[in-house]
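Asker: Below is the sequence, then the predicted model.
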There are 2 protein chains.
Amino acid sequence: MKIGLDIMGGDFAPQAAVLGAIEAYKTLSAGQHLVLVGDKEVAVKILQEENFNPDHFEFIHTTEVIGMGEHPTKAIAQKPDSSIAVGFKLLKENYIQAFSSAGNTGAMLVGAMFSVKTIPGVLRPAMTTIVPKLKGGLGILLDVGANADCKPDMLVQFGMLGSLLAQSVYGIDNPRVALMNIGEEEEKGNMLCLATYPLMKSNTQFNFIGNMEGRDLFGEFADVYVCDGFTGNVIIKMAESYYVIARKKGINDEFFDRFNYEQYGGSPILGVNAPVVVGHGISSPEAIKNMVLLSRNMAESHLVEKIKQVFV
Amino acid sequence: MKIGLDIMGGDFAPQAAVLGAIEAYKTLSAGQHLVLVGDKEVAVKILQEENFNPDHFEFIHTTEVIGMGEHPTKAIAQKPDSSIAVGFKLLKENYIQAFSSAGNTGAMLVGAMFSVKTIPGVLRPAMTTIVPKLKGGLGILLDVGANADCKPDMLVQFGMLGSLLAQSVYGIDNPRVALMNIGEEEEKGNMLCLATYPLMKSNTQFNFIGNMEGRDLFGEFADVYVCDGFTGNVIIKMAESYYVIARKKGINDEFFDRFNYEQYGGSPILGVNAPVVVGHGISSPEAIKNMVLLSRNMAESHLVEKIKQVFV
């Protein structure tokens, strides 16, 4: 298995990305190889400084970089030799079996949808994130920003996608799916939730347990939390700020520490025809390592094939 | 000035409400009187147990109570002698100049809109809440649940309503109004935000400073945070859960302590023709006291008149 990593993506690239690749390398199983996509010369220099043999990696040299602030669609089109564009080309050709980057999120989304493309039957791919639970374990929140406006049948599909991720990659058996809402009762909510609830209720492909509220996010209420990408994005940025605040305040607590995005590596893009993970812009080597391993886990668990089977 | 309090509302009513009234009484200025609406006999008994002279209060005896789980519109109609229905009757007749309750939120909203009614020009009243800032001070978030689905011109009005509350009651000069969104740029967001941004930008009645994100909620970014009631409700319930978690974990921190809803008393309903505040269901005497004083501050600062002037 070849696992692709964009070494030019992220605020601290390529340094953090290359160092993260070294860390990921140490934990790979036999037959798993890392393919670094980006400026080979710079990468080799960093590896030599670390006294790490560059031959442990395969390099695909690229000459362009998509910046964090660039317009996704334009950048992908105008920079065909960027690490993200080339990474997706390799993924499409199945030269690599997973691809991840801490670079431009929009470009990663657009790149995924234009190259490996959305799985037939999936209305819109979704971005997911991990939410730590107070008593240990984790939940999966989606969508966290790929779709600012959603329709009810998209949310139903997110329930399915989140369920499959929870089972395949996180080993959660029969994951409980809840709809993020502003009241527990079926008749509560905005028009989107009111229309989604009966669809989820009558769906037999996943374990829908009803509405949840903002306060249930860190508890034992459910395993998969479904919402539109606007709500999900507000939630994760707010959660992130709590982590930053707790750290600033020197609060040492195992729960708050688990908000550290570094541990989870990044957000899988679910619903496209290959494992794709987007990391946080400020990813450290530790975060890059976990992003790479998450994309590896998605490939290893055959998540995409499982999604395809359900959405046929 | 007569300040009405529903002593039957809230999970710990009437005990907590009556004890809160005693605390509020101690801080009232000359000419400010508390009118307790509810079961007089029970209230007097509680006061006697506290060795507090019942003559300090005026009582309006009622025989019915709207439960926390009752359907708002039905309950208001079917229980004309409930403390909430009677309270709003007194408010409509201007017998009292402010009314607050820790009871059924929906009934408070419906009661306000059916009795004192929405201020002409205001599309929909909004519920607000206080958000503590990390460096001290506070911001105002609205809507937090009165309107699960919003239109752009409603959000623009919320900016105005929040601005007036910030100025009148919290003494914030020229409050900065931000639109809760999922990116800072004008072209980011869901359809609602995309349509709202230019309207806010061209509005000259308040100080619009642009989009904010979930991570900006506790910083110095703005003073008034505008969002639809669905997003706002998810946010406050999530914030509430953080407070609960911090307390459970024994984290003693001034910032987290300021999330304690008790300090702020409740959520003003803005855009109706009288000061109305809804308290948290689990309100303690301290919370009740601050709820009463908040409704008093709204009356004293002539907030409703100021809103009327703008919305003429």
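Answerer: Right, received. Where do you want to start?

Asker: and the end-to-end length of stretch A:182-195?
Answerer: Its start and end residues considered, stretch A:182-195 measures 14 Å (C-alpha to C-alpha, to the nearest Å).

Asker: scratch that, stretch A:242-256
Answerer: End-to-end distance for stretch A:242-256, by C-alpha to C-alpha: 8 Å.

Asker: Return the residues of the stretch 51-200 of chain A in contact with chain B.
Answerer: Of all the residues in the stretch 51-200 of chain A, those in contact range of chain B (C-beta under 8 Å from any C-beta of the partner chain) are A:134, A:145, A:148-149, A:180, A:182, A:189-191, A:193. Glycine gets a C-beta too; all of them are placed from N, C-alpha and C.

Asker: Selecting buried members of those residues in PyMOL, what would you type?
Answerer: Once 16 or more other C-beta atoms under 10 Å in any protein chain shown is used to decide burial, the buried members of those can be selected in PyMOL as follows:
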select buried, chain A and resi 134+145+148+180+182+189+190+193
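
Asker: pLDDT check: weakest of the residues of the stretch 51-200 of chain A next to chain B?
Answerer: Comparing pLDDT over those, residue A:134 scores lowest. The value there is 89.

Asker: Check the burial of residue A:103 by counting its neighbours.
Answerer: Residues near residue A:103, counting by other C-beta atoms under 10 Å in any protein chain shown, number 32.

Asker: Can you verify it is assigned to a helix?
Answerer: No: following the definition DSSP: H, G, I helix; E, B strand; the rest coil, residue A:103 is coil and is not counted among the residues of a helix.

Asker: what about the closest residue to it other than its chain neighbours, how many residues close to it?
Answerer: Nearest residue to residue A:103 in three dimensions, chain neighbours excluded: residue A:9, at 2.4 Å (C-beta to C-beta, 6 or more residues apart in numbering or on different chains). In terms of burial, residue A:9 registers 34 neighbours under the definition other C-beta under 10 Å.

Asker: May I have the residues that are in contact with residue A:9?
Answerer: A:17, A:66, A:83-84, A:101-104, A:279 (C-beta atoms under 8 Å, 6 or more residues apart in numbering or on different chains).

Asker: Doesn't it belong to a helix?
Answerer: No: assigned with three-state DSSP, residue A:9 falls outside any helix and is coil.

Asker: And the pLDDT at it?
Answerer: The confidence metric pLDDT takes the value 93 at residue A:9.

Asker: How much space separates it from residue A:78?
Answerer: Using C-beta to C-beta, to the nearest Å, one gets 17 Å for the distance from residue A:9 to residue A:78.

Asker: For residue A:280, report the pLDDT, please.
Answerer: On the pLDDT scale, residue A:280 is placed at 89.

Asker: so it touches residue A:102, yeah?
Answerer: Yes: under the contact definition of C-beta atoms under 8 Å, residue A:280 touches residue A:102, with a separation of 6.3 Å.

Asker: list residues touching both of the two?
Answerer: By C-beta under 8 Å, 6+ apart, the residues touching both residue A:280 and residue A:102 are A:10, A:266, A:287.

Asker: looking at chain A, which residue lies furthest from center?
Answerer: Summary for chain A: using C-alpha atoms, centre = their mean, the residue whose C-alpha lies farthest from the chain's mean C-alpha position is residue A:187, with a distance of 32.0 Å.

Asker: Skipping adjacent residues, who's closest to that residue in space?
Answerer: Residue nearest to residue A:187 in three dimensions, not counting chain neighbours: residue A:194, with 7.3 Å by C-beta to C-beta, 6+ apart.
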